[in-house]
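Trainee: Mind folding the following:
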Amino acid sequence: MATGREIAQLCGVSVATVSRVFNQPETVNEDTRERVLRVAKELDYRPNESARALSTKQSTMIGLVWDTDHRRPGWRHPYLQDLLIGLKSALSAHGYHLLMLATSGDAREVGASLADPVGYVNMTRRHHLGGLVLIDSGSDAEAFGAFAQSGVPCVALDVAIEGPRATYVTSDNAGGARAAVAHLVGLGHSRIATITGPPGNQPSDARLSGYREALRDAGVEPRADYVAAGDFYRASGTAAMQRFLALDEPPTAVFASSDEMAVGALLAARAAGLRVPHDLALVGFDDIEVASVVEPALTTVAQDKPGFGVAAAKAIMAMITGSGPDGPVVLPAQLVVRDSCGARQV
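Mentor: Reported below is the predicted structural model:
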């Protein structure tokens, strides 16, 4: 691979000019800049990122803080995997790369821990990272608050944070839940149960609020025995559905706060001899890949997973360039009607 000195010789400019083309392009006239970039592309020249970070005190790396502790299943969730792909693609479009920081929620383990977020902030500054993207794993709110107050550009996904250079991106979770439950009411259901995510999780709490609002708007008083807490994963959906089916008056419809839990509920209903949607209507949330291929295909609330990445990248770039942060970004959530709710048979 060519060096910066070779590029400079071929273009008839100084090494310092080549450096400015890649680090401070606005300081180089357009003709020279285009000539250097053309030759660099022809020779497959890539600036040394470590040296670039040292000279500019800023790298093209964005740190990802995400607890991947093997004892916690969050990092394996299909929705989060899709979101991460969208984020990586959106940052790449701005010339930035995503660097996962080794994390753990266990303060007893060696290395940086979410129990001590100062270590991550120091790591970010030491490596001159452009900013941080924060993904909540369920119990990280206190650590995220410390990140938000650090002055490092931070964007959190699905958890509200406030700080001098911090913002967050989320979906209209309450609105999506309202649409799902209103749809079930419109199909004639009044005994509608819900399987929530973990209590205290912000998207889960918002979806529960939307569920209750939709029922009250329809003149149906929410029942405590029609609410079961899950953890967004399939097994908890199965357990919640089994609990509902054991009631003296089981529900005729269930809104699950994730597609994974909806699939678990579907399996429990089948095991009990019920037919979906003939005996039980079912709606999920997320619109992950399995929603469209399970039988019957799952009615769900789709989140804009690519939109999360675009919005997060835009917010990070705004803070890096000094024009942000703007307020939080709330993306629309859209009801996708398939077979599991019974609408196509009405």
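Trainee: Show me which residues of stretch 316-328 are buried.
Mentor: By 16 or more other CB atoms under 10 Å, the buried positions in stretch 316-328 come out as 316, 317, 318, 319, 320, 324, 325, 328. All C-beta atoms are positioned from the backbone trio N, CA, C, and that covers glycine.
Trainee: From these, pick the one nearest residue 209.
Mentor: residue 328 (17.1 Å; CB to CB).
Trainee: any idea how far that closest one is from residue 88?
Mentor: The gap separating residue 328 from residue 88 is 22 Å, by CB to CB, to the nearest Å.
Trainee: Distance check, residue 25 against residue 37.
Mentor: Relative to residue 37, and taking CB to CB, residue 25 is found at 9 Å.
Trainee: actually residue 291, not the one I typed
Mentor: For residue 291, the distance to residue 37 - CB to CB - is 44 Å.
Trainee: Between these two, which has more neighbouring residues?
Mentor: Between residue 291 and residue 37, counted using other CB atoms under 10 Å, residue 291 has the larger neighbour count: 24 against 18.
Trainee: Can I take it that that one is in a helix?
Mentor: Yes - counting by DSSP: H, G, I helix; E, B strand; the rest coil, residue 291 falls inside a helix.
Trainee: Quick check: closest non-adjacent residue to it.
Mentor: Spatial nearest neighbour of residue 291, chain neighbours left out: residue 298 (4.1 Å); criterion: CB to CB, 6 or more residues apart in numbering.
Trainee: Quick one: residues contacting the residue nearest to residue 162 when sequence neighbours are not counted.
Mentor: Spatial nearest neighbour of residue 162, excluding adjacent residues (CB to CB, 6+ apart): residue 148 at 6.0 Å. Residues near residue 148 by CB atoms under 8 Å, 6 or more residues apart in numbering: 154, 156, 161, 162, 163, 166.
Trainee: Could you check how far residue 36 is from residue 44?
Mentor: 14 Å.
Trainee: which of these two has more neighbours?
Mentor: Set side by side, residue 36 and residue 44 show more neighbours around residue 36, with 25 against 8, by other CB under 10 Å.
Trainee: and the more buried one, what element?
Mentor: helix 30-42 (DSSP states H and E).
Trainee: could you say what helices and strands that helix packs with?
Mentor: helix 4-11, helix 15-23 (3 or more CB pairs under 8 Å, 6 or more residues apart in numbering; DSSP states H and E).
Trainee: Would you format those helices as TSV with mean neighbour count included?
Mentor: As requested, these are exported to TSV (neighbours: other CB atoms under 10 Å):
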stretch	mean neighbour count
helix 4-11	17
helix 15-23	19
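Trainee: Make a markdown table from these and add mean pLDDT to it.
Mentor: Formatted as a markdown table, the helices and strands packed on helix 30-42 follow (pLDDT from 0 to 100):
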| stretch | mean pLDDT |
| --- | --- |
| helix 4-11 | 88 |
| helix 15-23 | 82 |
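Trainee: Can you say which of these is nearest to residue 280?
Mentor: By CB to CB (comparing all of those), the closest turns out to be helix 15-23, at 59.6 Å.
Trainee: check contacts around residue 328.
Mentor: 160, 167, 168, 169, 170.
Trainee: re earlier: between the buried residues of stretch 316-328, which is closest to residue 3?
Mentor: Distances from residue 3 to these, taken by CB to CB, are shortest for residue 320, at 27.8 Å.
Trainee: Tell me how many other residues crowd the closest residue to the closest one other than its chain neighbours.
Mentor: In this structure, residue 320 finds its nearest non-sequential neighbour in residue 130, 5.2 Å apart by CB to CB, 6+ apart. By other CB under 10 Å, 23 other residues sit near residue 130.
Trainee: Please enumerate residues in contact with whichever strand or helix holds residue 194?
Mentor: Following DSSP H and E, one finds residue 194 within strand 192-196. Defining contact as CB under 8 Å, 6+ apart, one finds that strand 192-196 is touched by 181, 184-185, 204, 207-208, 211, 215, 220, 223, 226-230, 236-237, 240-241, 244, 251-257, 261-262, 265.
Trainee: What pairs with it, parallel or antiparallel?
Mentor: strand 227-229 (parallel), strand 253-256 (parallel) (DSSP bridges).
Trainee: and among those strands, the most buried is which?
Mentor: strand 253-256 (a mean of 31; mean count of other CB atoms under 10 Å).
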